[in-house]
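> A predicted structure for the sequence below; I have some questions about it.
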Amino acid sequence: MNNLIIIPSRLESSRLPNKPLAEIAGLPMIIHVMNRANQSKCGDVIVATPNREIFDIVNSHNGIAVMTKFSHESGSDRIFEALEKYDQDNKYEKIINLQGDLPNIDPSFINLTCSLLGKNLDADISTLCSPISNNKEFENPNVVKAYVNNSSKPTYADDFVRMPGSYHYDKLYHHLGIYGYKRSSLKKFISTDQSTREKDFKLEQLRALDNGMKIVIDFVDDIPIGVDTEDDLHNVRKELE
């Protein structure tokens, strides 16, 4: 199986510093994410990090970590450096970018993200979304929304936003922090300069859309808790403990 799951992780989060090392049910959060990735049996798993503390924690739990530069602008930039270092023989054909703040993600979601690429050969990137159930989510800028104008299968994202703006609520979906890349698509993405919208909204997926790349999506019912705030951390601790 020529798939590689890469988990980008760093300590310098502006909203919740040091969150990868936050203890949840006796384990650091990054180890929970790594374990979920391994449980998916979708491919090999590594963690990409600029921080020695994360590197050491991953290795102490029998994982594989790759040190990367501090200067990357996005998680996808970071995973590409790790890929180039770890896979110099070009063994892996599909790369899964799994965000390091999803300690309760269902392992089957990782498999679904990967299979989307195999089923939709014209897509550059795959990702997952979930229906939004309340106005609080619509108005929360920490909840990234995918705008889908036509939800027929296969379904492609037309835009990503933090706030609804002029988009109708019935065409907005909660975006999960996971991406699948064809290796060639990841290389194309990395070689493209950040778009103005990516910089303005701090959403790396806008770089892909703004440069004509196609993002195929599928829908899941359960939303894993993305840990961005102390409240998120409290909620995921309650669930996993």
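Thanks, I have the structure now.
> Need the single longest strand in the chain, by residues.
The longest strand of the chain (DSSP state E) is strand 172-182.
> export that strand as PDB, just CAs?
What follows is strand 172-182, C-alpha atoms only, in PDB (Å, rounded to 0.1, in the frame of the first residue of the first chain):
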ATOM      1  CA  LEU A 172     -22.000  25.400   3.500                       C
ATOM      2  CA  TYR A 173     -20.400  22.400   5.200                       C
ATOM      3  CA  HIS A 174     -18.100  22.000   8.200                       C
ATOM      4  CA  HIS A 175     -14.700  21.200   6.800                       C
ATOM      5  CA  LEU A 176     -12.600  18.600   8.600                       C
ATOM      6  CA  GLY A 177      -8.800  19.000   8.900                       C
ATOM      7  CA  ILE A 178      -7.700  16.200   6.600                       C
ATOM      8  CA  TYR A 179      -6.400  16.200   3.000                       C
ATOM      9  CA  GLY A 180      -5.400  13.600   0.500                       C
ATOM     10  CA  TYR A 181      -2.900  14.500  -2.100                       C
ATOM     11  CA  LYS A 182      -1.600  12.800  -5.200                       C
END
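> What ranges does this structure have for its helices?
Listed in chain order, the helices of the chain (DSSP state H) span 29-40, 52-60, 75-86, 107-119, 135-138, 183-191, 196-201, 205-210, 230-240.
> N59 contacts V66, doesn't it?
No: counting by Cβ atoms under 8 Å, N59 does not reach V66; the two are 10.8 Å apart. C-beta here means a position set from N, CA and C on the backbone, and glycine is covered the same way.
> In terms of neighbours, single out the busier of those two.
When neighbours are counted by other Cβ atoms under 10 Å, N59 and V66 differ, and V66 comes out ahead with 20 against 12.
> returning to what we had before: will you turn the helices of the chain into CSV that also has mean pLDDT and distance to K94?
CSV is the format used below for the helices of the chain (pLDDT from 0 to 100; distance: least, Cβ to Cβ, whole Å):
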stretch, mean pLDDT, distance to K94
helix 29-40, 98, 13
helix 52-60, 98, 22
helix 75-86, 95, 11
helix 107-119, 95, 6
helix 135-138, 93, 30
helix 183-191, 95, 7
helix 196-201, 95, 23
helix 205-210, 96, 16
helix 230-240, 94, 28
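> Lovely, talk soon.
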